[in-house]
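# My questions concern the predicted model and sequence given below.
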Amino acid sequence: MYMIKSNLAISRRNMIGSLAALAGTTALPMPAWAMGKMGGRVRNGMDQLSGPDVDLHVGSGLFRTGSRSGHAIAVNGTVPGPLIRLREGQDVRLNVHNMLDEDSSVHWHGLLLPFQFDGVPGISFPGIKPGERFTAPFKVRQHGTYWWHSHSGLQEQMGHYGPLIIDPAGPDPVQYDREHVILLSEFAAMHPHEIMKKLKVSEGYFSRQKASATDDYDFSGAERRMWGRMRMMPTDIADVSAPTYTYMINGHGPDDGLELPFSPGERVRLRIINGSAMTFFNIRLPGLPMTVVQADGQDVQPVEVDELQIGVAETYDVIVQPTKEGAFALAAESMDRSGMAQATLTSQPGRQAEFPALRDPPLLSMTDMGHGGMDHGNGAHGHEGHGAKPAAAMDHSQMDHGKMGHGKMDHSQMDHSKMSHGAMKPDTNLGAAPMDNHDMANMGGMKMRDTSLLPDSVKVGPGIDMVAMNPMDRTGFPGLGLDNVPHRVLNYRMLKSLKMDHHKRSPDREMQLHLTGNMERYMWSFDGKKMSAVGDDPIRFRYDERVRVKLVNDTMMAHPIHLHGMFFEVVNGQGHHQPKKHTVIVQPGSSATFDVTTDEPGDWAFHCHLLYHMHAGMMQAVSIEFPKDA
Ligand SMILES: [Cu+2]
């Protein structure tokens, strides 16, 4: 009944019904939230829904965790909304009822389905008006750990998200005795529009970890002056952090003392979902190694680590096996280390774990500014060391200028040992092409913004305040601050798909996309063009092309880039075992490359999953043509 072709024939009008009509077909008494009367308290945590018909009622209410409370959007009365549990091969009808007084939507993150059910207003459907219902009927074609969330405005920040798990049709390749869903998110008492406004006023508004004359960071005066002249902060890791956010697991802040039971000897599967708006988390359970078995819902060859960093919108399934009675801390530290989401994995109810203290905030390095290819005299680990001093450690005596795009220059006469990095300065004349001279005497070559390095596809304007001079592939990088911890940490190059794919084609063509921004003005874009400017001009693919996409990050922030509707394979050196993902972190000042087979026709969203970056314009539409015989 829900064949793909017949789905495509369903008009939008048919999918949107009224709530009155729905109420008439329902024999069961409806809870208050299902009748739009939810004005009261939102419950922390979530229920579970299964079966051929799943109903989500989007409402609002007052949410509280710890000492923070405020307005939230709840689905079926809870934050997060219900866990939707499906089985591979089943037919399902996902019904979304909008009880808000504004438009809403649900995007099924990571799900393969016809594009018109993908739930992105303005790209794949018009959005759900207040009082209306939207139905997505489709056949479930996959298994794994996923999630769902609003794609309307900033609703996701307010609680409009929940987990989605699909059990395999056959035997699960992962053996486990018990599972827990770990849905990470943040709660802010401040309204997200207020947060957005403040970010626009000053990008560093929420950063309480700025380097200042009186802080405790181990910077020399020269280093401080360098960062000051560049008008950049080495501690500028997260746009919004703990002073504004309470980090949560399954809707519970640290004060709630969330407990997850286990019995000694059990293999416990943790389905970790980063459903936050803006926060990368470092996940560890001190004393318990984690075996990663799934990434973004796709089975991978088991790999044992002690810590992993999860970007916004990514998922990881891990197995832990505590052998004795006890309590283990599940510590989800925000990447900037301003706060932590917490739960205790415990064999005895009421027994809480000791949580590790927050570690020192990581520092950005020259590599994060896109100077990755420059050998700074310490070739062994370059500048991947974020705990290291960012500037004083620079020794340009070994610099390879051939890699810096200054190939024709004669550096033989230059005395690099005299180069003062205090003289580095960004090009502040943002409107003009700044490649005026190569006078190394005044350090023209060390510009932060050499737009001559950009391809013609990038629109040069005030939306770009930095160009990565030599963006390296950093898929082997474990994440900011985790490159020098004394234990095993996951990185993308360790991910290998469980099954070998012999049918992988080599790319028919390659394209490059630049992740661009102006930190100070909080402008974010792809190729220097905001979504509003490119909405009518999507990235076009023919049906079933094989495309290699190189993402170049011309900013100092890590961006989790998400493609709707299909999986891509991260080009990570694993050949026929390249991992499939729906979201890839592109590290600051570096690149990441994926291959994609464009076999899901329709219009899809492609965007940074940092909510305020997407909202500011770091988004594109991808249009895949329909096959001729459809
Ligand atoms: Cu971003």
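Ah, there it is.
# what bits of the stretch 451-600 of the chain have low per-residue confidence?
Flagging of the stretch 451-600 of the chain using pLDDT under 70 yields the residue ranges 534-535.
# what about the residue in the stretch 201-350 of the chain that the ion sits nearest to, which SS state?
The nearest approach of the stretch 201-350 of the chain to the ion comes at residue 312, 8.6 Å away (Cβ to the ion). Using the backbone N, CA and C atoms, a C-beta is placed for each residue, glycine as well. The three-state label given to residue 312 by DSSP: H, G, I helix; E, B strand; the rest coil is coil.
# Let me see the contact set for the residue lying closest to residue 112 once chain neighbours are set aside.
Once flanking residues are discounted, residue 112 sits nearest to residue 141: 4.9 Å by Cβ to Cβ, 6 or more residues apart in numbering. By Cβ atoms under 8 Å, 6 or more residues apart in numbering, the contact set of residue 141 is 88-89, 112-113.
# Next: residue 41.
Contacts of residue 41 (Cβ under 8 Å, 6+ apart): 61-64.
# So what pairs up with residue 547 in the strands?
residue 509, residue 596 (DSSP bridges).
# So which residues of the stretch 151-300 of the chain form strands?
161-167, 178-188, 245-249, 259-261, 268-274, 281-284, 290-295, 298-305 (DSSP state E, counting those that start in this stretch).
# Using TSV, please lay out the ones you listed together with distance to the ion.
What follows is the strands of the stretch 151-300 of the chain, written out as TSV (distance: least, Cβ to the ion, whole Å):
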stretch	distance to the ion
strand 161-167	18
strand 178-188	16
strand 245-249	17
strand 259-261	31
strand 268-274	14
strand 281-284	16
strand 290-295	20
strand 298-305	23
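# Neighbour-wise, give me the winner out of the contacts of residue 141.
The most crowded member of the contacts of residue 141, judged by other Cβ atoms under 10 Å, is residue 113 (25 neighbours).
# name the element it belongs to?
Residue 113 is part of no helix or strand, with elements assigned from DSSP states H and E.
# Contact partners for the residue of the stretch 201-350 of the chain closest to the ion?
274, 276-280, 560, 583, 609-611.
# Buried residues in the lengthiest strand in the chain, which are they?
Looking across the chain with DSSP state E, the single longest strand is strand 53-65. Neighbour counts over strand 53-65 (16 or more other Cβ atoms under 10 Å) mark 54-61, 63-65 as buried.
# on contacts alone, who are the packing partners of it?
Applying 3 or more Cβ pairs under 8 Å, 6 or more residues apart in numbering; DSSP states H and E, we find strand 53-65 packed against strand 43-44, strand 68-75, strand 91-98.
# Which of these sits closest to residue 600?
Proximity to residue 600 (Cβ to Cβ) singles out strand 91-98 among the helices and strands packed on strand 53-65, at 17.9 Å.
# Just list what that closest one packs against, helices and strands only.
Counting by 3+ Cβ pairs under 8 Å, 6+ apart, strand 91-98 packs on helix 19-25, strand 53-65, strand 132-139.
# can I get the ones you listed in TSV with distance to the ion?
Converted to TSV, the helices and strands packed on strand 91-98 look like this (distance: least, Cβ to the ion, whole Å):
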stretch	distance to the ion
helix 19-25	36
strand 53-65	26
strand 132-139	27
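# Determine how far the longest strand of the chain lies from the middle of the whole chain.
23 Å (Cα atoms, centre = their mean, to the nearest Å).
# what's the answer for stretch 79-97, then?
22 Å.
# what's the average pLDDT for it?
Over the span of stretch 79-97, the pLDDT mean works out to 98.
# buried stuff in it?
79-86, 92, 94-97.
# wait, what's in contact with the residue nearest to residue 74 when sequence neighbours are not counted?
Excluding its sequence neighbours, the residue lying closest to residue 74 (Cβ to Cβ, 6+ apart) is residue 42, at 4.2 Å. Counting by Cβ under 8 Å, 6+ apart, residue 42 touches 61-63, 72, 74, 77-79, 159.
# Residue 42 and residue 349, how far apart?
25 Å (Cβ to Cβ, to the nearest Å).
# Same check on residue 604?
For residue 604, the distance to residue 349 - Cβ to Cβ - is 45 Å.
# Please say which of these two ends up with more neighbours.
residue 604 (24 against 7).
# from what I can see, that one looks like it's in a strand, true?
Yes. Using three-state DSSP, the assignment for residue 604 is a strand.
# who does it bridge with?
With DSSP bridges as the rule, residue 604 is bridged to residue 622.
# How many neighbouring residues does the residue in the stretch 351-500 of the chain positioned nearest to the ion have?
Residue of the stretch 351-500 of the chain nearest the ion, by Cβ to the ion: residue 463 (13.1 Å). Other residues lying near residue 463 total 22 when counted by other Cβ under 10 Å.
# With the one 4 residues further on instead?
In terms of burial, residue 467 registers 27 neighbours under the definition other Cβ under 10 Å.
# what sits against it?
370, 448-451, 453-454, 554.
# the strands in the stretch 501-630 of the chain, which residues?
Counting by DSSP E, counting those that start in this stretch, the strands of the stretch 501-630 of the chain are 509-518, 523-526, 539-541, 546-553, 559-563, 568-570, 580-581, 583-586, 590-597, 602-608, 619-624.
# Can I get the longest one in CSV, CA atoms only?
What follows is strand 509-518, C-alpha atoms only, in CSV (Å, rounded to 0.1, in the frame of the first residue of the first chain):
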residue,chain,number,x,y,z
ARG,A,509,32.7,14.0,-10.8
GLU,A,510,34.0,16.0,-7.9
MET,A,511,32.8,19.2,-6.4
GLN,A,512,34.1,21.5,-3.7
LEU,A,513,32.0,23.4,-1.2
HIS,A,514,33.3,26.0,1.2
LEU,A,515,32.0,26.4,4.7
THR,A,516,32.2,30.2,5.2
GLY,A,517,31.5,32.7,8.0
ASN,A,518,32.2,35.9,9.6
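# That one versus strand 590-597: what angle between them?
In terms of direction (axes from the mean of the first three to the mean of the last three Cα atoms, to 10 degrees), strand 509-518 departs from strand 590-597 by 140 degrees.
# Which elements pack onto strand 509-518?
Looks like strand 509-518 contacts strand 523-526, strand 546-553 (3+ Cβ pairs under 8 Å, 6+ apart).
# Over to the fourth one?
Contacts of strand 546-553 with other secondary structure elements, assessed using 3+ Cβ pairs under 8 Å, 6+ apart, are made with strand 509-518, strand 583-586, strand 590-597.
# Quick one: closest of the ones you listed to residue 105.
Comparing the helices and strands packed on strand 546-553 by Cβ to Cβ, strand 583-586 comes nearest, at 18.8 Å.
# is any part of the closest one close to the ion?
No. Applying Cβ under 5 Å from the ion, one finds strand 583-586 out of contact with the ion, separated by at least 8.8 Å.
# tell me which strands and helices that strand is in contact with?
strand 546-553, strand 559-563, strand 590-597.
# Just name whatever secondary elements the shortest one is in contact with.
Contact analysis of strand 559-563 by 3+ Cβ pairs under 8 Å, 6+ apart lists strand 583-586, strand 602-608 as its packing neighbours.
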